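here are the coordinates; sequence isn't available:
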């Protein structure tokens, strides 16, 4: 499916109990990083379980454009022959990152301290998203950056010829900012330091260490401090990508709200920096259990078993937001079926995702009979015994908004429509067949 695909309206309807096993795709965050670090390593990196959604495939194309040999060997199995830290070559064409904020921000970081020039673009949604939060620290390394007004794509970066290490405090909780700075720091001499007020997802730190970088994280009076020693020789290694907890959230939510449901989701990541949704669901009284805990590819994983049951509204603290930032849209759907209000705090970052996710969810829920209150940094959903449905929600070219409203319609009194389901392919290309196999009535 291309980024310019025609809109694809879709509808979901009240479904019978969902049953079975949900084999959700590989983790998107880890998939991006595996391709990028494989391209910066020396030797061949073999990746299994790679998410083959459009976002990740765009990153694979970008790594080829920078000189790495990237080959698909089979379903989810890829080979990357890297060029080493500082070994990127100048791409011949523009790097199109499609809809992926993670992809474009991490790739910009990875090339910004190499003396080459690259131009980045994306689809209409990505071109509206703020990039200065990443390009500002990259300029401090010595890169020269030209962007549209507001620091937006298209952006041209001329990498630093003599990069300097950076000590940087992130202005907002963002693993993308942190990771871009750390990737840029790979080709800078000395130590690059990132300071966060609250820890964000740590896939980059785990994977950098696995590839042989000297990196440490500690909690100090300044905050969460990550220190990377530059100019390492990254060693190619096998990477097993665990299943994506953000993708798992959709069949999990469906099972929680559709009466009689019970499903199993094997092998999902239990990384504590990604676990906020599941902590919140347990506080809401959700019937969920994690079985067979183990480690795959340096990440903790487990099998998730979830059953339908009563839920109660809760207040989600702001400090938890970083560990569940992508899951707030689907949490707002679950909250619509809980008893009492669910208050989500610290969610201002949702306004600069693929869409303004607070506004998109609020308007779509209201169109389906749910009362919502919002501020710049919070959202409150008032749960109800029966959610009417019957409305159509705008997806705003946002895969998570589209999937969230399709899940909503599985338990509402009347069908729920979305104006465009095409963006789902960016992160979860098998969403429809997976949900239908569980018994969902959507399409």
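Received it, and whenever you're ready, just let me know what you need. The structure presented is a predicted model; accordingly, all values stated were derived computationally and were not measured.

Tell me which helix or strand comes right after the one helix or strand residue 204 maps to.
Taking DSSP states H and E as the definition, residue 204 sits inside helix 203-210. As assigned by DSSP H and E, the chain's next helix or strand after helix 203-210 is strand 215-220.

Report all helices and strands that that next one contacts.
Contacts defined by 3 or more C-beta pairs under 8 Å, 6 or more residues apart in numbering; DSSP states H and E place strand 215-220 against helix 203-210, strand 223-229. (Glycine included, C-beta is placed from N, CA and C.)

residue ranges of the strands in the stretch 1-150 of the chain, please?
Ranges of strands in the stretch 1-150 of the chain, per DSSP state E, counting those that start in this stretch, are 10-13, 19-21, 44-48, 69-74, 77-81, 95-96, 117-121, 144-148.

Please work out which of the ones you listed is packed deepest.
Among the strands of the stretch 1-150 of the chain, judged by mean count of other C-beta atoms under 10 Å, the one packed with the most neighbours on average is strand 95-96 (a mean of 23).

Residue 82 is in contact with residue 43, correct?
Yes - using C-beta atoms under 8 Å, residue 43 is in contact with residue 82, at 6.7 Å.

Of these two, give the one with the bigger neighbour count.
residue 82 (26 against 13; other C-beta atoms under 10 Å).

any idea how far the closest residue to the more buried one other than its chain neighbours is from residue 168?
Take residue 82 and drop its neighbours on the chain: the residue closest to it by C-beta to C-beta, 6 or more residues apart in numbering is residue 41, 4.0 Å away. Distance of residue 41 to residue 168, given as C-beta to C-beta, to the nearest Å: 24 Å.

Look at these two and report which has more neighbours.
For residue 41 versus residue 168, neighbours defined as other C-beta under 10 Å are more numerous around residue 41 (25 against 21).

Looking at the helices and strands packed on strand 215-220, spot the one closest to residue 154.
Closest to residue 154 of the helices and strands packed on strand 215-220 is helix 203-210 (C-beta to C-beta; 25.2 Å).

Just give me how far that closest one sits from the chain centre.
16 Å (C-alpha atoms, centre = their mean, to the nearest Å).

What is it packed up against?
Short answer (3+ C-beta pairs under 8 Å, 6+ apart): helix 203-210 packs on helix 28-40, helix 175-185, strand 215-220.

redo that, cut-off 10 Å
Helix 203-210 sits against helix 28-40, helix 175-185, strand 215-220, strand 223-229, strand 299-307, with contacts defined as 3 or more C-beta pairs under 10 Å, 6 or more residues apart in numbering; DSSP states H and E.

Nearest to residue 419, out of the ones you listed?
helix 28-40 (23.5 Å).

for the record, mean pLDDT for the closest one?
Helix 28-40 comes out with an average pLDDT of 97.

Ok, stretch 173-180 next?
The average pLDDT within stretch 173-180 is 96.

next one: it to chain centre, how far?
12 Å.

cool, and stretch 427-443?
20 Å.

and it, what's its mean pLDDT?
Stretch 427-443 comes out at a mean pLDDT of 96.

try stretch 87-101
97.

Endpoints of that stretch, how far apart?
One end of stretch 87-101 sits 24 Å from the other (C-alpha to C-alpha, to the nearest Å).

What residues of that stretch count as buried?
87, 88, 91, 95, 96, 97, 98, 99, 100, 101 (16 or more other C-beta atoms under 10 Å).

do the same with stretch 177-186
Buried, per 16+ other C-beta under 10 Å, within stretch 177-186: 177, 178, 179, 180, 181, 182, 183, 184, 185, 186.

The fourth one: what's it in contact with?
Shown here is residue 180, whose contacts under the criterion C-beta atoms under 10 Å, 6 or more residues apart in numbering are 102, 104-110, 112, 131, 133-135, 137-138, 174, 194, 204.

Quick check: closest non-adjacent residue to it.
residue 109 (3.1 Å).

ok, how many other residues are close to that neighbour?
29.

Surely it and residue 168 touch.
No - with contact defined as C-beta atoms under 10 Å, residue 109 does not count as touching residue 168 (11.4 Å).

Name the residues contacting each of the two.
137, 141, 177, 178, 181, 182, 184, 185.

Which members of the residues you listed are the farthest-apart pair?
Farthest pair in the shared contacts of residue 109 and residue 168, by C-beta to C-beta: 141 and 178, 14.4 Å.

Nearest residue to the residue of the chain positioned farthest from its centre in space, please, no chain neighbours.
Distance to the chain centre peaks in the chain at residue 162, reaching 32.2 Å (criterion: C-alpha atoms, centre = their mean). The shortest distance from residue 162 to any non-neighbouring residue, by C-beta to C-beta, 6+ apart, is to residue 142 (6.3 Å).

Tell me how many other residues crowd the one you found.
Neighbours around residue 142, by other C-beta under 10 Å: 19.
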